[in-house]
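> Need a 3D model of the following:
(chains A and B)
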Amino acid sequence: MASAVSSLSRSSGSAVRPLATRDATWVRYTLTAVALGFLALFLLLPLVAVFAEALRRGLGAYITALKDPDGLHALKLTLITAALAVPANLVFGVAAAWCIAKFTFPGKSVLITLIDLPFAVSPVISGLIYVLIFGAQGWYGQYLNAEAPWFPALQAWLIEQDFKIIFAVPGIVLATVFVTFPFVARELIPLMQQQGNDEEYAAITLGANGWQTFWNVTLPNIKWGLFYGVILCNARAMGEFGAVSVVSGHIRGETNTLPLHVEILYNEYQFVGAFAAASVLALLALVTLVLKSLVEWAHARRTA
Amino acid sequence: MSRSHRSVIPGFGLSLGLTITYLSLIVLLPLSAAFIKTSGLTWEEFKTAVFSPRVLASYRISFLASFAAASLNCVFGLIVAWVLVRYPFPGRRVVDALVDLPFALPTAVAGIALTALYAPNGWLGHWLDPIWSSFVHKLADVFPFVDWVGLLGAKLAFDRPGIFIALTFIGLPFVVRTLQPIIEELEPEFEEASASLGANRWQTITRVIFPQLLPALITGFAMAFARALGEYGSVVFISGNMPMRTEITPLLIITKLEQYDYAGATAIAVVMLVASFTLLLIINLLQKWSRRHHAV
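Numbers count the residues shown, from 1 in each chain, chains lettered A, B, ... in the order given. Model (predicted):
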């Protein structure tokens, strides 16, 4: 689904067009004004509002709000979650792209569709399905309460450790992994398909083994696409709200990620605090957009 | 596993095994849990869970708001994509990068930012609300459906228009990013031929250019629509969350979960999943159509 949305394989180029196929000047100006006005209203203004609302009571209040220990803990949890979810999906993305791009096998198009599936699922449902499996009423909860479980030692250990998944960090990580699942794979599959196998054949013919071929031949070719996928994956991992909201339990200072912290402060009418935390996330979004554009421009220049 | 030619490239078993294992554990198994849980319900229980008046109202709100937002995005997304590709202006690259903001900005942040703007005492709300209200009344005199969708007397934020605003924000990049590459690859020869055969610019645009863009436009619409149906974070802050009036389906799932009605929440989730998967299938077919159409 996101193939059209996030892709490096977009070229930009508009040569000077002959008069007969050019729009009249007033049309150009009107349409440009409409487009820019719409974008300013719907995209720029909300972004400005985040920072303006955060700074409404002055810089001092903003800094104080940023130093809120619960907020800092939420930031830490957000970073931990992304640090676990992104590498997991990175390894998966590379493996998926490798088998899909380098080999032909039956059911390949089904596999590609299945990889896309999480994009089609509402974030709320992404959280819900993990509650069904790991919640107190779910399969995991039933296992913990089972009279005669499989692997009794495991059950005893889990109970002894009080190992919780839902309303705890593991659930947050799992839900995040689910919603960010396709990002890296979606980016790499078309890129590696486009590049073909010739260089890998050459490397193997010259005596390289599989890992050498991957590290020295494939990876340098896909590194920008990989980076691009990681940026998008990371942005979503740090910003995910719906799925994490369902599995987290909103325990302050324990299972609150930064987006959830924004919600709690906002619902308590602590607007400066909420927008201060939101400004951190907005800044992250801006960094994401800048990095993304840099990769796109570098790619466009190289292919041009 | 019958492969037509053995590849000399190693790692097929490892990479495919890892992919399928990870896919099954993270995606397929959890998703099937929703269907398994729902299959435990009797038909009567299922019907009560997914067709009660409050749930039906939420489907209607989610569907209408998503449809309206995706439609608006088609109009402005087409203009934005056209301007970004065809009309060079200073700062175009920055504007182009900004289009992806709804993908990068966490939905909760978008939600509170839009609420700050459109709330009755907000930046835009305090002077847009009166204009909007008189506009809707005039519109309702001409088109009765305005009343039917419950817009009469609705303020922008904390009511139905708020849902529409949030979903428009979320969906815009889908339409723009689907159209942009197609506009970039339009063959100038068609336009030249059309112009040299005596068509004026308007005829060229409506009869030659627009038909070439239509498949991508429909695809973008379907993507924005699908995304809007499931959207939660940006909507809950601005919608007011009134049952029967501004309660979207994802919010209703959360409400049921908070009441420990897991079966009810899951049954609604299954209905939504079926709808999403159907849309995904349609989008895939549309993309194939779009590519074929474009290749000709």
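
> Walk me through the domains of chain B.
Structural domains assigned to chain B are B:11-40, B:42-119+B:157-295, following automatic domain parsing.

> in the stretch 1-150 of chain A, which ranges drop under the pLDDT threshold?
Residue ranges of the stretch 1-150 of chain A with pLDDT under 70: A:1-20.

> before we move on, the earlier item: hey, which of the domains of chain B is tucked in deepest?
Greatest average neighbour count among the domains of chain B goes to domain B:42-119+B:157-295 (a mean of 20), per mean count of other Cβ atoms under 10 Å in any protein chain shown. C-beta here means a position set from N, CA and C on the backbone, and glycine is covered the same way.

> where's it relative to the chain centroid, distance-wise?
2 Å (Cα atoms, centre = their mean, to the nearest Å).

> Compare the domains of chain B and give me the one nearest A:Val124.
Set against A:Val124 and scored by Cβ to Cβ, these come closest in domain B:42-119+B:157-295, at 4.1 Å.

> re the thing from before, take the domains of chain B and lay them out in JSON lines including mean pLDDT and distance to chain A.
Shown next, in JSON lines, are these (pLDDT from 0 to 100; distance: least, Cβ to the nearest Cβ, whole Å):
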{"stretch": "domain B:11-40", "mean pLDDT": "94", "distance to chain A": "4"}
{"stretch": "domain B:42-119+B:157-295", "mean pLDDT": "92", "distance to chain A": "3"}
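
> Mind putting these into a markdown table with distance to A:Gln270?
Shown next, in a markdown table, are these (distance: least, Cβ to Cβ, whole Å):
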| stretch | distance to A:Gln270 |
| --- | --- |
| domain B:11-40 | 35 |
| domain B:42-119+B:157-295 | 11 |
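
> Quick check: closest non-adjacent residue to A:Leu114.
Spatial nearest neighbour of A:Leu114, chain neighbours left out: B:Leu23 (6.1 Å); criterion: Cβ to Cβ, 6 or more residues apart in numbering or on different chains.

> does the one you found sit in a helix or strand, and which one?
Assigned by DSSP states H and E, B:Leu23 belongs to helix B:12-23.

> pull the CA atoms of that helix into PDB?
Coordinates of each C-alpha in helix B:12-23 appear next as PDB, following Å, rounded to 0.1, in the frame of the first residue of the first chain:
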ATOM      1  CA  PHE B  12      17.400 -18.900  -0.100                       C
ATOM      2  CA  GLY B  13      16.400 -21.300   2.600                       C
ATOM      3  CA  LEU B  14      17.700 -19.000   5.400                       C
ATOM      4  CA  SER B  15      16.100 -15.800   4.200                       C
ATOM      5  CA  LEU B  16      12.800 -17.400   3.200                       C
ATOM      6  CA  GLY B  17      12.600 -19.300   6.500                       C
ATOM      7  CA  LEU B  18      13.400 -16.200   8.600                       C
ATOM      8  CA  THR B  19      10.800 -14.200   6.600                       C
ATOM      9  CA  ILE B  20       8.000 -16.700   6.900                       C
ATOM     10  CA  THR B  21       8.700 -17.400  10.600                       C
ATOM     11  CA  TYR B  22       8.800 -13.800  11.500                       C
ATOM     12  CA  LEU B  23       5.800 -12.900   9.400                       C
END
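
> and the helix or strand just after it, what does it pack onto?
Note on helix B:12-23: by DSSP H and E, the next helix or strand toward the C-terminus is helix B:29-39. In terms of contacts (3 or more Cβ pairs under 8 Å, 6 or more residues apart in numbering or on different chains; DSSP states H and E), helix B:29-39 is packed against helix A:123-134, helix B:262-295.

> Out of those, the one nearest B:Pro120 is which?
Comparing the helices and strands packed on helix B:29-39 under Cβ to Cβ, the one sitting nearest is helix A:123-134, at 27.8 Å.

> what about the closest one and chain B, any contact?
Yes. Interface with chain B: helix A:123-134 contributes A:123-125, A:128-133 (Cβ under 8 Å from any Cβ of the partner chain).

> Sweet, I'm off.
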